[in-house]
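**Q** Below: sequence and its predicted model.
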Amino acid sequence: MRAYFCMECSIAYSNRDRSDLWDGTGYEVFGFTNPADQDDLTPAVHFNDPTADVDDSTTTRGSWRGALAMDITGCDCMDKIMSRRLCAYHRVYLSERMVWQGCVMQWWRGRTFGCSICPMCQERPGLDGGVQGTALPEFHAVWICLVCNGAVIDPEVWTGTRRLVVTDRTKIGNWFGGHDSAGWQRFNYLLDQAW
């Protein structure tokens, strides 16, 4: 469900002093706050004319979505399913459809580019394609959700493994009826297949 940036792009795009890199990209950016001295920068773009200036009266795509990434996926895909009033069947069904869509997009990426390529520079392999070297600098992973196209900056430093974004374990446990529930086990299995 994720298209990881390469290490170089992750370092650049997670840098709090480089919000200019997100300017005009059209992404919903999770886990990043725009510095106060750069208020004029926005990832928003005009729907009909990407070169047009963006103001409050235009229809746009893209925005800063706050300093914290959302639970589980980092973007608001999981929150859309879990924070709505749904029966257990439909919650699991929609979760499976979301994971399925992510798998279809991963298949397309592999078929089109031949590897897990960085979605930003489209030159180097993304972090999910493996990072070469033993002495890696500390950096935060950045990825694009293959379902909603939201950009997420991981709040934790990259350790070399993909992980769920967890900001509130109690809330996540309650979504599935506890961490030992069958629903939680099924969802973890689905995520393992998708990532």
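**A** Great, that's in hand.
**Q** looking only at pLDDT, what's the mean for stretch 85-93?
**A** Across stretch 85-93, the average pLDDT comes to 80.
**Q** and Cys87, how many residues sit next to it?
**A** Neighbour count for Cys87, taken as other CB atoms under 10 Å: 8. C-beta here means a position set from N, CA and C on the backbone, and glycine is covered the same way.
**Q** Show me the shaky parts of this protein.
**A** 34-63, 129-136, 160-195 (pLDDT under 70).
**Q** Against which helices or strands is the longest helix seen in it packed?
**A** In the chain, taking DSSP state H as the definition, the longest helix is helix 88-113. The contact analysis (3 or more CB pairs under 8 Å, 6 or more residues apart in numbering; DSSP states H and E) places helix 88-113 against strand 2-4, helix 77-82, helix 182-194.
**Q** Distance check, the closest residue to Gly74 other than its chain neighbours against Phe32.
**A** Spatially, and ignoring its direct neighbours in sequence, Gly74 is nearest to Val152 (3.3 Å; CB to CB, 6 or more residues apart in numbering). Per CB to CB, to the nearest Å, Val152 is found 9 Å from Phe32.
**Q** repeat for Trp108
**A** 27 Å.
**Q** ok, those two, which is more surrounded?
**A** In this view Trp108 and Phe32 are compared by other CB under 10 Å, and Phe32 has more residues nearby, 24 against 11.
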